[in-house]
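J.: Have a look at this fold, sequence not included:
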């Protein structure tokens, strides 16, 4: 890793910080819009909040967690309403932090996709981020992985 530092610094200097920042922002936002359209979801915050950022949180589609795991996760979290789900466990659509962990680990172990997942108010959100090594194919892999997970469940 240390041997790669100098070429990375030279590339950073050659391209320029602003160019890299704008490229990463454009890639993550265009792919976020594509996933939002496919999933019928929303961004966690208004798009203007992400003006120059290279990351965005978007809602995941339902059905990523098998029903037996989802119901067990919710039963284990009764009373946890401190930003980690909801007390109303009568709704099968509410998710928990255990559901987020399940999806994150499944994406990592089965699809080699590393991303951060959040559970906010009983909904799962994925953090999309972009760096120079990311391209549209990375987000397409996430879209396909989620589609496969839903089909299996």
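T.: Yep, that arrived. Being a predicted model, the structure only gives us computed values, none of them experimental. Numbers count the residues shown, from 1 in each chain.

J.: Find the centremost residue of the chain, please.
T.: Centroid check for the chain by CA atoms, centre = their mean gives residue 126 as the closest residue, at 2.1 Å.

J.: which residue ranges form the strands in the chain?
T.: Using DSSP state E, the strands found in the chain span residues 55-59, 116-120, 123-129.

J.: Using JSON lines, please lay out those strands together with distance to residue 106 and mean pLDDT.
T.: Any C-beta I mention is one placed from the backbone N, CA and C, and that applies to glycine too. Below are the strands of the chain laid out as JSON lines (distance: least, CB to CB, whole Å; pLDDT from 0 to 100):
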{"stretch": "strand 55-59", "distance to residue 106": "18", "mean pLDDT": "96"}
{"stretch": "strand 116-120", "distance to residue 106": "10", "mean pLDDT": "95"}
{"stretch": "strand 123-129", "distance to residue 106": "12", "mean pLDDT": "96"}
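
J.: could those strands be laid out in JSON lines, adding distance to residue 22?
T.: Shown next, in JSON lines, are these (distance: least, CB to CB, whole Å):
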{"stretch": "strand 55-59", "distance to residue 22": "14"}
{"stretch": "strand 116-120", "distance to residue 22": "23"}
{"stretch": "strand 123-129", "distance to residue 22": "15"}
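
J.: Can you check which of those strands gets nearest to residue 5?
T.: strand 123-129 (21.2 Å; CB to CB).

J.: I'd like to know which helix or strand in this protein has the lowest mean pLDDT.
T.: Lowest by mean pLDDT, DSSP states H and E among the helices and strands of the chain is helix 67-76, with a mean of 69.

J.: Output the below-cut-off pLDDT ranges for this protein.
T.: Scanning the chain for pLDDT under 70 picks out the ranges 1-2, 71-93.

J.: where along it do the helices fall?
T.: With helices called from DSSP state H, the chain shows them at 2-15, 17-39, 67-76, 97-111, 136-152.

J.: Mean neighbour count, those helices: which tops it?
T.: helix 97-111 (a mean of 17; mean count of other CB atoms under 10 Å).

J.: re the thing from before, so which of the strands of the chain comes closest to residue 12?
T.: With CB to CB as the criterion, residue 12 lies closest to strand 123-129 of the strands of the chain, at 17.4 Å.

J.: Check which helices and strands that closest one sits against.
T.: The helices and strands touching strand 123-129, judged by 3 or more CB pairs under 8 Å, 6 or more residues apart in numbering; DSSP states H and E, are helix 17-39, strand 55-59, helix 97-111, strand 116-120, helix 136-152.
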